[in-house]
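Novice: just a sequence and a predicted model for now, questions to come.
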Number of protein chains: 2
Amino acid sequence: MSERPTRLEVEDLQQNLRDVQEILARLRPADGDVTRPTPPAPRLADLRAKLERLHPADIAEVLEALPLEERLVVWDLVKADRDGEILLEVSDAVRESLIASMDSNELVAAAETLEADEIADLAADLPEQVMQDVIRALPQEERERLRAAMSYEEGSVGALMDFDQVTVREDVTLEAVTRYLRALDELPGQTDQLFVVDREQRLRGTLPLARLIVSNLELAVGQVMVPESVELNPEKRAEDAAQAFERYDLVSAPVTDHFGHLIGRLTVNAVVDYIREKSAETQLAEAGLSKEEDVFAPVWNSFRNRWSWLAINLVTAFIASRVIGAFEGSIEKLVALAALMPIVAGIGGNSGNQTTTMIVRALALGQIQEPYWKKLLAKELGVATMNGVLWGSLLGAVAYMLYGNVALGGVMALAMVLTLLLAALMGVAIPYLRARLGRDPAVGSSVLITACTDSGGFFIFLGLATLFLL
Amino acid sequence: MSERPTRLEVEDLQQNLRDVQEILARLRPADGDVTRPTPPAPRLADLRAKLERLHPADIAEVLEALPLEERLVVWDLVKADRDGEILLEVSDAVRESLIASMDSNELVAAAETLEADEIADLAADLPEQVMQDVIRALPQEERERLRAAMSYEEGSVGALMDFDQVTVREDVTLEAVTRYLRALDELPGQTDQLFVVDREQRLRGTLPLARLIVSNLELAVGQVMVPESVELNPEKRAEDAAQAFERYDLVSAPVTDHFGHLIGRLTVNAVVDYIREKSAETQLAEAGLSKEEDVFAPVWNSFRNRWSWLAINLVTAFIASRVIGAFEGSIEKLVALAALMPIVAGIGGNSGNQTTTMIVRALALGQIQEPYWKKLLAKELGVATMNGVLWGSLLGAVAYMLYGNVALGGVMALAMVLTLLLAALMGVAIPYLRARLGRDPAVGSSVLITACTDSGGFFIFLGLATLFLL
């Protein structure tokens, strides 16, 4: 465990990266700048020495921040026995680029340095043949664990748990427990409690280290343990487990099957990683990226990651365009409509997104129960009316001033109110329906609501104009 | 500590809420449905008894999910001595509604049950007079701590730290440490290590509990401690600390001043809360909500939370509208332009947002160093060209089929390519410039990029059409 940085001040977090880049820059052939005195030529050995002192997570950070070519130079220098750990730490996109540069033997060797739950995390990125070799090389118990870990869906507790739990029996003394722990030499990371199990591995309670330390060593585990604790089921949503960790300030929690057998544990560091990844995914999905992208990915990879959302956007934009097309006659007669219509649709979209975002979030936190939907809709319609009257009259006045047409101002104001009401209605209805249908209300809600408000906004504005102005 | 739920299965997380709602529903005057047999009337006492068994975090969840009127019924029933803890757990918006229902004496009493760092978290929401009374009632040491905690900026390590660190001296034996801990009876939550300090409270190292347990009790602390550890400065960004926790799987870390004096500690539960809040804020800000909103907030409060972003949106939409206005002559001659222009602008906006989101995220993770910006821009322009050629030719073909005008199809395709190139350029330039100016590149970047692509897209498409078609 020599790798954790020493006396780390937080500002040092990026220092490693700068150091590596500096050495790399000096390794590059000089680009003709002869005015500066040449520094003593560094050798690859310097870089290797630097890398050896770094924590795998820090190496991962360096790799993520380097363009492909330099990334592979650094990757080749990293000691082979740390390959596995580093692959675990890098983002999915960067992992792909690293794995692509390794042959089967290297991959098998890397995977074999890891534990079952860690291999499971890599499994999706490893070639079939490599996984088979890895599985074959594992001892029986580990193989069972790997199979178990891989059987749980992404986003479930089972996919995040590890098997590093330390278990003790109820009837032994704390003295004996202490002796046992000493024999282990080092406790697994994030061990804040031991798990008390019976002969059949059924969970009986937990023994927090803090309690073990302050208790009389002659007492039995059963007398000191906490008999009741937060228990997680491996098939449950990781999001719920994260909420439990957040709410009850947990460091670790036992994972048990339906019969109460202890099968693993979940630690707060796995929860932190999950929360970060999840929030990144949401952010990326909202902007129309299918998954996390390596900043230095080849153009083609980036293109694939982005085209599908652009295609969806194209379809919704095309529909909106056809709505406008239906009113071409009106626009021909009063061309001001063409200039004003995007304002109505744009503000409708923005307002609808505000509603949806708030509701999706409240749904995720379990804050909206069945009986309150109507109340919520009434509130959103109220906010929409206020916004509509305010911005509608303002825009109506502006339209009147620009075009000197009172009726046009009136239509603008009315269209604004109606579009915002539509946005509020759809902003509540879309997440409500998606939740009712058992779908994740977050995915694509922004695209759906914008599609409604664009087409709807154009239709309302141009329709009213056709009715009242022509 | 009786409040943590017993034998919690994760699906029970929402059960409390349902129970409370059921009792509340039966408390409401019957709404005329006489066909059902009336269940035995529950009394407020039942609800009180139910609430008394709940963890403060669970009560907070119940309060957040209830409309205002019922929320205050529940709030009144909660034992006064837990008010403070519950106020800490609820969201800012709900906290406001609860504090508004309390008088000064209740607020002072609630704050007095809390520790200095917790009072600091509430300070912004408490009336001036209440804070003065609370400060006056604190013992000297706590008062100093409160002042210290309040002096750090939001988003800094100092604002998240607590003062529950347990310290020991280097020269005492582990035996003595164990005796000392027993006298404490219970260790503060999330204590995974003790902090070793000298006479002047300078940090010398840390003593992990796991190490204390497995070591010979006759050894001195100095022989067993970890001399080097991750150290945080209270003025540093909480985001950096969060990255350190994530990277090195920490449970707690010491916070020291510039002279190395231990002044507090940061725990992983504070980090988890911070990460969650931060990610919620980003998500809300992107959708144009100024801050987290109470789902059951009065219409007026929601309106205030949302109007400012709508106003900004109005300005950008107005500018785009004026760009269109400048080409009214062209639209009058060829009305198809009005129907096609929103497609160009819309896809430009979507594509620009993809670029910006990816870059903002990579910047936050420190993955983009100065020398690589040009490389990045080249890549984004490459992706834009591919997208432009693909979608541009598709749209050009569609425009030709709809309007039977080859030149119109050509203009559409060319406009698409140019708008996507503009989107890529601005998508890189906006976060780059904001980062160079020392601003947070995340805030408002979506609004800025959309403003550019809307006005720019309309200008490019209508401008090309005017040049080539009329």
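Specialist: That came through, no problem. Residues are numbered from 1 along each chain as shown, chains lettered A, B, ... in the order given.
Novice: when you work out contacts or count neighbours from here on, use the C-alpha atoms and nothing else.
Specialist: Will do.
Novice: contact partners for A:Leu250?
Specialist: Shown in contact with A:Leu250 (Cα atoms under 8 Å, 6 or more residues apart in numbering or on different chains): A:Ala244, A:Val268, B:Gln190, B:Asn269.
Novice: and it, what element?
Specialist: Assigning secondary structure by DSSP states H and E places A:Leu250 outside every helix and strand.
Novice: and for A:Gly325?
Specialist: Going by DSSP H and E, A:Gly325 is part of helix A:299-326.
Novice: what's the offset of that helix from the middle of its chain?
Specialist: 24 Å (Cα atoms, centre = their mean, to the nearest Å).
Novice: packing partners of that helix?
Specialist: Helices and strands touching helix A:299-326, by 3 or more Cα pairs under 8 Å, 6 or more residues apart in numbering or on different chains; DSSP states H and E, are helix A:445-469, helix B:336-364, helix B:373-403.
Novice: report the buried residues of the last one.
Specialist: When burial is assessed from 16 or more other Cα atoms under 10 Å in any protein chain shown, helix B:373-403 yields the following buried residues: B:376-377, B:379-389, B:391-393, B:395-397, B:399-400.
Novice: on that earlier part again, adding distance to B:Leu219, write the helices and strands packed on helix A:299-326 out as TSV.
Specialist: Compiled in TSV, these are given as follows (distance: least, Cα to Cα, whole Å):
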stretch	distance to B:Leu219
helix A:445-469	61
helix B:336-364	45
helix B:373-403	55
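Novice: give the next helix or strand downstream of the lowest-mean-pLDDT helix or strand in chain A.
Specialist: Least confident element among the helices and strands of chain A, by mean pLDDT, DSSP states H and E: helix A:15-27 (a mean of 80). Using DSSP H and E, the helix or strand that follows helix A:15-27 in sequence is helix A:44-52.
Novice: residue boundaries of the strands in the stretch 51-200 of chain A?
Specialist: Ranges of strands within the stretch 51-200 of chain A are A:167-169, A:193-197, based on DSSP state E, counting those that start in this stretch.
Novice: the helix or strand that the longest one is followed by vs strand A:193-197, what angle?
Specialist: Counting by DSSP H and E, the element after strand A:193-197 in chain order, helix or strand, is strand A:203-208. Taking axes from the mean of the first three to the mean of the last three Cα atoms, to 10 degrees, one finds that strand A:203-208 is oriented at 160 degrees with respect to strand A:193-197.
Novice: pLDDT below threshold where in the stretch 1-150 of chain A?
Specialist: Applying pLDDT under 70 to the stretch 1-150 of chain A flags the ranges A:1-13, A:28-42.
Novice: A:Met150 and A:Arg82, how far apart?
Specialist: 23 Å (Cα to Cα, to the nearest Å).
Novice: more neighbours: which of those two?
Specialist: A:Met150 (19 against 15; other Cα atoms under 10 Å in any protein chain shown).
Novice: what sits against that one?
Specialist: A:Ala120, A:Ala159.
Novice: swap the cut-off to 7 Å and go again
Specialist: A:Met150 makes contacts with A:Ala120, as judged by Cα atoms under 7 Å, 6 or more residues apart in numbering or on different chains.
Novice: repeat for A:Pro227
Specialist: Going by Cα under 7 Å, 6+ apart, A:Pro227 touches A:Arg204, A:Gly205, A:Thr206.
Novice: between these, which sits nearest chain B?
Specialist: A:Gly205 (9.5 Å; Cα to the nearest Cα).
Novice: now the nearest residue to that closest one once chain neighbours are set aside: phi and psi?
Specialist: Once flanking residues are discounted, A:Gly205 sits nearest to A:Pro227: 4.2 Å by Cα to Cα, 6 or more residues apart in numbering or on different chains. A:Pro227 adopts backbone torsions of phi -70, psi -20, taken as degrees, to the nearest 10.
Novice: quick check: the gap between A:Pro227 and A:Gln243.
Specialist: Distance from A:Pro227 to A:Gln243, by Cα to Cα: 22 Å.
Novice: repeat for A:Leu114
Specialist: Distance from A:Leu114 to A:Gln243, by Cα to Cα: 28 Å.
Novice: kindly report the same for A:Arg136.
Specialist: As for A:Arg136, its distance to A:Gln243 is 38 Å (criterion: Cα to Cα).
Novice: and what of A:Tyr432?
Specialist: 22 Å.
Novice: just want to know which of those two has more residues nearby.
Specialist: A direct count of neighbours by other Cα under 10 Å for A:Tyr432 and A:Gln243 places A:Tyr432 higher, at 21 against 16.
Novice: just to revisit the earlier point, chain center to the least confident helix or strand of chain A, what's the gap?
Specialist: Centre-to-centre, helix A:15-27 and its host chain are 30 Å apart (Cα atoms, centre = their mean).
Novice: that helix near chain B at all?
Specialist: No - contact of helix A:15-27 with chain B (Cα under 7 Å from any Cα of the partner chain) is absent, the minimum separation being 8.4 Å.
Novice: what is that helix packed up against?
Specialist: Here helix A:15-27 touches no other helix or strand, going by 3 or more Cα pairs under 7 Å, 6 or more residues apart in numbering or on different chains; DSSP states H and E.
Novice: list the buried ones in that helix?
Specialist: A:Asn16, A:Leu17, A:Val20, A:Gln21, A:Ile23, A:Leu24.
Novice: against chain B, how distant is the fifth one?
Specialist: Spelled out, that is A:Ile23. 14 Å (Cα to the nearest Cα, to the nearest Å).
Novice: next one: the third one
Specialist: From A:Val20 across to chain B, the span is 12 Å (Cα to the nearest Cα).
Novice: which ones are touching that residue?
Specialist: The neighbourhood of A:Val20, defined by Cα under 7 Å, 6+ apart, consists of A:Leu47.
Novice: swap the cut-off to 10 Å and go again
Specialist: A:Asp46, A:Leu47, A:Arg48, A:Lys50, A:Leu51, A:Ile59, A:Val62, A:Leu63, A:Leu66, A:Val74 (Cα atoms under 10 Å, 6 or more residues apart in numbering or on different chains).
Novice: leaving out chain neighbours, which residue sits closest to whichever residue of the stretch 1-150 of chain A sits closest to chain B?
Specialist: In the stretch 1-150 of chain A, the residue that lies nearest chain B is A:Ala65 (4.2 Å; Cα to the nearest Cα). Spatial nearest neighbour of A:Ala65, chain neighbours left out: B:Gln367 (4.2 Å); criterion: Cα to Cα, 6+ apart.
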